[in-house]
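1. Sharing a model prediction with you, sequence too.
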Amino acid sequence: MSSTATSNPPAIRRVAIVGAGTIGASWAALFLARGLEVVVSDPAADAEPLTRARVQAAWPVLAELGHVLPGASAAGLRFEPDLEAALAGVDFVQENAPEREDFKTALFARMDAVLPAHVIVASSSSGLIMSRLQSQCRHAARFVIGHPFNPPHLIPLVEVVGGAQTSADTIDRCIAFYRGLGKYPIRLNKEVPGHIANRLQAALWREAIHLAAENVASVADIDAAVSQGPGLRWALFGPHMTFNLGGGAGGLANFMDHLLGPVQTWWDDLGAPAVTPELQQRLIAGVNAEAGERSIADLVQTRDAQLTALLKALQR
């Protein structure tokens with residue numbers, strides 16, 4: 001990564017959200033709650049009313065968590081469909097465009113042509129490689145991945161990783177900005193497809209699909225094996241620290257001495273399922289049975305309410 005630094009960049013006061021959708025709207029709600037000026041740009045005809053509705057829906061939760069600063073208002077949201085007009089005078093850009101390398105590469109070059117060199121452009125990309133996305137940009141040093149977890153206004157995690165041309169200063173400034181918003185940014189030392197959290201999710205889901213394909217248990221019971229078991233611990237500690245506690249007074253060293261052998265046999269038996277159309281239909285039917293009469297909107301409401309309660313408990 002480049003070591004080029006930006007000398008005395010201005011404080012971040014005005015943020016552009018490029019690409020609305022659920023992620024962009026969630027970011028917008030958080031930025032507004034933290035007292036920033038926010039302009040959203042998205043060419044879709046229904047983008048503005050949907051974004052405003054999502055921001056309004058997120059506001060009470062942000063207030064309940066104590067994230068709304070005095071004087072902050074959701075009414076401060078500005079919408080500008082024209083990209084170049086939206087970027088005028090901003091200090092930071094959070095990009096949330098479709099997850100396509102060709103699309104983002106062209107979009108980055110377009111933004112790079114009009115933004116001052118000190119303005120950071122952070123991409124919410126869930127798995128693309130920044131070195132490729134920044135390849136057509138003159139000021140490539142200011143492009144960085146700032147990948148949130150859905151919904152960004154609730155989940156603290158942000159994965160920050162630069163490309164080959166991203167400056168260390170950009171990464172440092174980006175991490176400081178997210179931390180100032182109350183997020184929990186983590187620094188990736190190298191680029192990998194899917195970053196960290198999505199790779200961990202994908203690994204777990206692959207084995208969950210394998211267990212369903214082998215009819216070890218129902219889809220609902222496989223889900224419950226996570227949500228009613230280790231998932232509760234993972235809300236507090238990650239896998240390494242969890243197994244450190246599992247080793248008792250001897251910690252992870254003791255755990256490895258006594259249990260690494262059995263764990264290795266489980267690793268050796270993990271599956272790599274072929275997700276055929278038939279298996280896809282089994283999984284869809286299984287998750288629909290698990291949901292029962294609850295709609296997607298009902299499930300999202302339940303998730304967000306329980307996330308809020310969990311976050312409040314962790315604050316205490």
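-> That came in fine, so what should we check first? Keep in mind that this is a model prediction, so the values were computed, not measured.
2. Going by C-alpha atoms from here, please, whenever you check contacts or count neighbours.
-> Noted.
3. Give me the below-cutoff pLDDT ranges for this structure.
-> Along the chain, the model assigns pLDDT under 70 to residues 1-7.
4. Recalculate using a threshold of 80.
-> The model of the chain has pLDDT under 80 over residues 1-8.
5. All the strands of it, in order from the start?
-> Secondary structure of the chain by DSSP state E: the strands cover 14-18, 37-41, 78-79, 92-95, 120-123, 143-148, 157-162, 184-187.
6. for those strands, which one ends up most surrounded?
-> When you average the neighbours per residue for each of these (mean count of other C-alpha atoms under 10 Å), strand 143-148 leads with a mean of 28.
7. hey, C-alpha coordinates of it in PDB?
-> Output for strand 143-148, consisting of C-alpha atoms alone and laid out as PDB, is shown next (Å, rounded to 0.1, in the frame of the first residue of the first chain):
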ATOM      1  CA  PHE A 143      -9.900   4.900  -2.000                       C
ATOM      2  CA  VAL A 144     -10.500   2.300   0.700                       C
ATOM      3  CA  ILE A 145     -12.900  -0.500   1.700                       C
ATOM      4  CA  GLY A 146     -15.100   0.500   4.700                       C
ATOM      5  CA  HIS A 147     -17.400  -2.600   4.800                       C
ATOM      6  CA  PRO A 148     -20.100  -2.400   7.400                       C
END
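8. the helices in the chain, which residues?
-> Secondary structure of the chain (DSSP state H): helices at 21-33, 47-64, 83-87, 101-112, 130-133, 168-180, 197-213, 219-227, 230-234, 239-246, 251-269, 277-291, 296-315.
9. In the last one, which residues are buried?
-> Buried residues in helix 296-315, counting neighbours by 16 or more other C-alpha atoms under 10 Å, are found at 304, 308, 311.
10. Name the nearest of those relative to G127.
-> Relative to G127, the closest of the buried residues of helix 296-315 is D304; by C-alpha to C-alpha it sits at 23.9 Å.
11. Let me see the contact set for A272.
-> Taking C-alpha atoms under 8 Å, 6 or more residues apart in numbering as the definition of contact, the neighbours of A272 are 206-207, 210.
12. thinking again about what came up before, format the strands of the chain as CSV; extra columns: distance to E48.
-> Compiled in CSV, those are given as follows (distance: least, C-alpha to C-alpha, whole Å):
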stretch, distance to E48
strand 14-18, 12
strand 37-41, 8
strand 78-79, 7
strand 92-95, 16
strand 120-123, 21
strand 143-148, 22
strand 157-162, 25
strand 184-187, 29
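13. what's the closest of those to V226?
-> The minimum distance between V226 and those falls on strand 157-162, with 19.9 Å, by C-alpha to C-alpha.
14. What strands line up against that closest one, and which way round?
-> Looking at strand 157-162 with DSSP bridges, its paired strands and their directions are strand 143-148 (antiparallel), strand 184-187 (parallel).
15. just so I know, which of the ones you listed lies nearest T276?
-> Among those, strand 143-148 comes nearest to T276, with 29.9 Å by C-alpha to C-alpha.
16. that older thread, comparing the helices of the chain, which stretch has the densest surroundings?
-> Compared across the helices of the chain, helix 21-33 shows the largest average neighbour count, a mean of 25 (mean count of other C-alpha under 10 Å).
17. who touches that one?
-> The contact list for helix 21-33, computed with C-alpha under 8 Å, 6+ apart, reads 15, 17-18, 37-38, 40, 47, 50-52, 54-56, 58-59, 62, 67-69, 72-74, 76-77, 94-96, 150-153, 181.
18. Out of the strands paired with strand 157-162, the one nearest F243 is which?
-> Between F243 and the strands paired with strand 157-162, the shortest gap by C-alpha to C-alpha is with strand 184-187, which sits at 21.1 Å.
19. Show me how far that closest one is from its chain's centre.
-> Per C-alpha atoms, centre = their mean, to the nearest Å, the displacement of strand 184-187 from the mean C-alpha position of its chain is 11 Å.
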